[in-house]
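*Asks:* Fold the stuff below for me.
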Amino acid sequence: MSIDKTAIRDAATVIVLRDRETTPQVLMGQRGSKAAFMPNKFVFPGGAVDKDDHHVPLATPPSDINALRLAEDLRPETSPTIGTALFAAAIRELWEETGLILGTKAPWPEAPGTDWEAYANTGHLPHAGGLKFVFRAITPPGRPRRFDARFFLVDAADLSGDIDDFSRASDELSHLQWVPLSEARSYDLPFITEVVLAEVEGRLHEKGHPATVPFFRNTDEAGLFTRLYGRPPTKADLGG
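*Replies:* Below is the predicted model:
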């Protein structure tokens, strides 16, 4: 049996939800036809954690339950600062790929790293308080790139500025648009995006954080579906 040696990179994805109570929509864009990973697919903004993400100051910290769940079931090679870095990466990728700001007006305490210069020039510090960790999935073996992706849900009301202005977006995603949740699964989507959309639909009217976070742990041997609790699971959690 061959074993996939493709390195797994930590990554963060942002699901921005607007008009939750009326006509819910999510922000999506299309990857290029020549992209090495998921070409032509419609996806949420997101990408791999960069080195500067480990050192970014957050204007508002993540909630305790988010932090606990992000620290649960880590791969052995994962950095102990990955929790903060994942929140930072989510905010940076949202900014780079859509031009939208999840941040609070405030000066930076020190000069930002290269990856954060453009964001810092907007006069904002990243705001992690509105992000909810709702899903985790590792790319299955055999793909050209593999990611340990954490999906974060945020309400569009938490963003700063005009949420319809994508003029500052990079060219990584095309056809940026607010997609009605009821129509999203008719687009050309990766399988995992379809699964996450179903999860979002089920949480539309949920208050607070989810009771558990689904985790698709795709290893070299088999795909395994588990849940992250942020605490030791009880017998009731496990159906006992």
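
*Asks:* report the longest helix in this protein, please.
*Replies:* helix 82-98 (DSSP state H).

*Asks:* what residues does the helix or strand bottoming out on mean pLDDT in the chain touch?
*Replies:* Least confident helix or strand of the chain, by mean pLDDT, DSSP states H and E, is strand 223-228 with a mean of 84. For strand 223-228, the surrounding residues in contact (C-beta atoms under 8 Å, 6 or more residues apart in numbering) are 69, 72-73, 136, 140, 212-218, 233, 237. In this view, the C-beta of every residue, glycine as well, is placed from N, C-alpha and C.

*Asks:* Of these, which belong to helices?
*Replies:* Checking these against DSSP H, those in helices are R69.

*Asks:* just curious, which of the contacts of strand 223-228 is nearest to W108?
*Replies:* R69 (28.1 Å; C-beta to C-beta).

*Asks:* Dihedrals phi and psi, R18?
*Replies:* Main-chain dihedrals, R18, degrees, to the nearest 10: phi -120, psi 160.

*Asks:* ranges for the helices of this structure?
*Replies:* Assigned by DSSP H, the helices in the chain fall at 64-70, 82-98, 117-120, 191-202.

*Asks:* Nearest to L173 among the ones you listed would be which one?
*Replies:* helix 82-98 (5.0 Å).

*Asks:* hmm, back to that, which of the contacts of strand 223-228 lies closest to E96?
*Replies:* Taking C-beta to C-beta as the measure, E96 sits nearest to R136 out of the contacts of strand 223-228, at 21.8 Å.

*Asks:* give me every residue that touches the closest one.
*Replies:* For R136, the contact set (C-beta under 8 Å, 6+ apart) comprises 148-151, 213-216, 228.

*Asks:* JSON lines for these, including distance to D164?
*Replies:* JSON lines is the format used below for these (distance: C-beta to C-beta, whole Å):
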{"residue": "D148", "distance to D164": "32"}
{"residue": "A149", "distance to D164": "26"}
{"residue": "R150", "distance to D164": "27"}
{"residue": "F151", "distance to D164": "23"}
{"residue": "V213", "distance to D164": "30"}
{"residue": "P214", "distance to D164": "31"}
{"residue": "F215", "distance to D164": "34"}
{"residue": "F216", "distance to D164": "33"}
{"residue": "L228", "distance to D164": "34"}
